[in-house]
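Colleague: Return atomic coordinates for the entry below.
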Amino acid sequence: MMSSPPAVPADTPLYTTRFLLLCLSHALFAGSFNMMIPELPAYLTSLGGAEHKGLIIALFTITAGLSRPFSGKLSDSIGRIPVMYIGVTACVICGVLYPELAFVSGFLWLRFFHGFSTGFKPTGSAAYAADIVPMHRRGEAMGMLGICFSIGGASAPPIGSWIAMSWSIDAMFYASAVVAALSMLVMVKLPETLPEKQRFKLALLRVSRDDIYDPKVIPVGIVMVFCYFSYGVILTLVPDLSDSVGVHNRGTFFTLFTLASVSTRLFAGRISDSHGREPVLKVSALVIAVAMVAFAVAHSPMLLYLASVLFGLGNGIFAPAINAWSVDLGDPERKGRALATMYISLEIAIGVGAFLSGWYVANDLERMPVIFYFAAALSLGGFLYLWQKTFRAR
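Modeller: As a prediction, the model looks like this:
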């Protein structure tokens with residue numbers, strides 16, 4: 001049987017040195033791969049692969065999803081820290097290799113490999129956070145971890161676009177590798193939290209059905225698929241939508257999205273700690289649906305900015321509650337597996353959303369509203385699932 005870290009005393013402060021270092025590393029990690037996202041559709045077009053835009057995010061998420069069972073199992077066996085190192089190392093390697101593989105097939109293979117980063121680092125980080133914070137502040141902790149991820153993810157895209165416009169796209173890729181290396185450097189001072197961790201052996205890479213998902217966390221997966229399809233749509237279509245409405249720095253959306261997300265994450269996590277995860281998730285599903293409708297009718301910079309803020313608010317409410325709910329429902333001795341189950345669902349949702357939106361729109365901007373409306377309908381489906389689940393429990 002796998003051992004779990006001892007329960008954290010209820011009076012333990014949340015903002016310890018370990019937690020703050022974890023948050024800083026998480027922010028730098030998010031910045032390392034998000035800084036390039038706004039420029040990738042145009043870059044792939046310049047390589048002659050415009051018809052493959054939907055694969056930019058889809059390939060990334062496929063690998064992230066496939067690696068989740070391994071990252072969850074390894075997090076619960078060899079430790080949280082090694083799993084985080086694997087994820088960050090993938091970012092460093094890819095940042096260095098993008099300029100060297102400047103052709104369509106090489107780029108797509110790198111996007112596939114790059115997905116290992118988010119397949120490993122967030123799983124290890126969330127499990128580590130759950131190990132070092134009191135249970136009654138878990139939602140707040142996940143909210144703060146998400147805030148740091150969002151700050152890194154929001155501040156980096158405009159910087160990446162500025163580097164690409166001021167110097168070159170290759171300079172942006174190298175900057176991404178440097179930021180990832182800084183994320184790794186911050187983790188040097190973090191002690192391992194998993195007791196009785198195992199030495200790595202190839203047998204640990206053998207995963208069974210029991211390792212792939214935690215059946216107790218299936219409700220989390222269902223809600224994630226309904227609500228996070230929209231994220232894949234956004235990552236694929238918003239760079240082109242920004243161009244079409246006259247927003248020239250494609251990172252502007254990410255800045256507004258993240259500022260709105262950060263404004264809600266911390267108090268949303270606290271509310272989920274006191275009032276339950278499901279009520280908070282129902283509110284977030286409705287806000288995300290409204291945001292997707294706003295994207296569908298966005299024909300000017302102001303409407304795009306409004307949609308971005310709404311989407312940020314919805315995701316800021318959603319993220320800490322869904323993370324904490326995953327750990328609440330899962331086996332306490334296998335937090336990594338519970339979180340991996342949630343992240344697998346996340347990658348499926350984003351990957352399918354990215355692929356379908358890229359395939360359907362196919363560079364025809366007039367087809368975008370249909371996908372945005374479809375994403376809104378799915379988010380409403382997530383609300384209805386949560387509503388009937390609550391109704392049945394009464």
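
Colleague: so how far is residue 236 from residue 61?
Modeller: Taking C-beta to C-beta, to the nearest Å as the measure, residue 61 falls 11 Å from residue 236. Backbone N, C-alpha and C define where each C-beta goes, glycine included.

Colleague: Just give me the residues shared between the contact sets of these two.
Modeller: Counting by C-beta atoms under 8 Å, 6 or more residues apart in numbering, the shared contacts of residue 61 and residue 236 are residue 354.

Colleague: what about those two, which has more around it?
Modeller: More neighbours surround residue 236 than the other of residue 61 and residue 236, with 29 against 26 (other C-beta atoms under 10 Å).

Colleague: Please report phi then psi for that one.
Modeller: Phi and psi for residue 236, reported as degrees, to the nearest 10, are phi -80, psi -40.

Colleague: same check, this time on residue 15
Modeller: Backbone torsions of residue 15, given as degrees, to the nearest 10, read phi -90, psi 70.

Colleague: Now do the contacts for it.
Modeller: Residue 15 neighbours (C-beta under 8 Å, 6+ apart): none.

Colleague: Check the one 10 residues further on too.
Modeller: Residues counted as contacts of residue 25 (C-beta under 8 Å, 6+ apart) are 84, 88, 125, 183-184, 186-187, 190.

Colleague: By mean pLDDT, which helix or strand of this protein comes out lowest?
Modeller: Within the chain, no helix or strand scores below helix 209-212, which has a mean of 69 by mean pLDDT, DSSP states H and E.

Colleague: Of the contacts of residue 25, which belong to helices?
Modeller: 84, 88, 125, 183-184, 186 (DSSP state H).

Colleague: and those residues, which two are the farthest apart?
Modeller: 125 and 184 (12.6 Å; C-beta to C-beta).

Colleague: neighbour-wise, which of those two wins?
Modeller: The neighbour count for residue 125 versus residue 184, taken as other C-beta under 10 Å, is higher for residue 125 (25 against 20).

Colleague: Could you export the contacts of residue 25 as CSV, including pLDDT and distance to residue 371?
Modeller: Putting the contacts of residue 25 into CSV (pLDDT from 0 to 100; distance: C-beta to C-beta, whole Å) gives the following:
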residue, pLDDT, distance to residue 371
84, 95, 34
88, 95, 33
125, 91, 31
183, 96, 33
184, 95, 37
186, 93, 38
187, 93, 38
190, 92, 41
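
Colleague: Out of these, which is nearest to residue 226?
Modeller: residue 125 (24.5 Å).

Colleague: For that closest one, which residues are in contact?
Modeller: Residue 125 neighbours (C-beta under 8 Å, 6+ apart): 22, 25-26, 29, 80, 84, 145.

Colleague: quick one: buried residues of the helix or strand harbouring residue 345?
Modeller: For residue 345, the host element (DSSP states H and E) is helix 335-361. Within helix 335-361, the residues scored as buried using 16 or more other C-beta atoms under 10 Å are 335-358, 360-361.

Colleague: ok so, going back, among the contacts of residue 125, list the two that are farthest apart in space.
Modeller: Among the contacts of residue 125, 29 and 80 lie farthest apart (C-beta to C-beta), at 14.0 Å.

Colleague: What subset of the contacts of residue 25 is buried?
Modeller: 84, 88, 125, 183-184, 186-187, 190.

Colleague: what would these look like in JSON lines with distance to residue 297?
Modeller: Putting those into JSON lines (distance: C-beta to C-beta, whole Å) gives the following:
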{"residue": "84", "distance to residue 297": "41"}
{"residue": "88", "distance to residue 297": "39"}
{"residue": "125", "distance to residue 297": "37"}
{"residue": "183", "distance to residue 297": "38"}
{"residue": "184", "distance to residue 297": "43"}
{"residue": "186", "distance to residue 297": "42"}
{"residue": "187", "distance to residue 297": "44"}
{"residue": "190", "distance to residue 297": "46"}
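
Colleague: tell me which of those residues is nearest to residue 320?
Modeller: residue 125 (13.5 Å).

Colleague: Okay, that closest one and residue 44: tell me how far apart.
Modeller: Applying C-beta to C-beta to residue 125 and residue 44 gives a distance of 29 Å.

Colleague: same deal with residue 163?
Modeller: For residue 163, the distance to residue 44 - C-beta to C-beta - is 18 Å.

Colleague: Mind checking which of the contacts of residue 125 are in helices?
Modeller: 22, 25-26, 29, 80, 84, 145.

Colleague: on that earlier part again, what is the helix holding residue 345 packed up against?
Modeller: Secondary-structure packing of helix 335-361 (3 or more C-beta pairs under 8 Å, 6 or more residues apart in numbering; DSSP states H and E): helix 54-75, helix 104-132, helix 209-212, helix 218-245, helix 301-329, helix 368-393.
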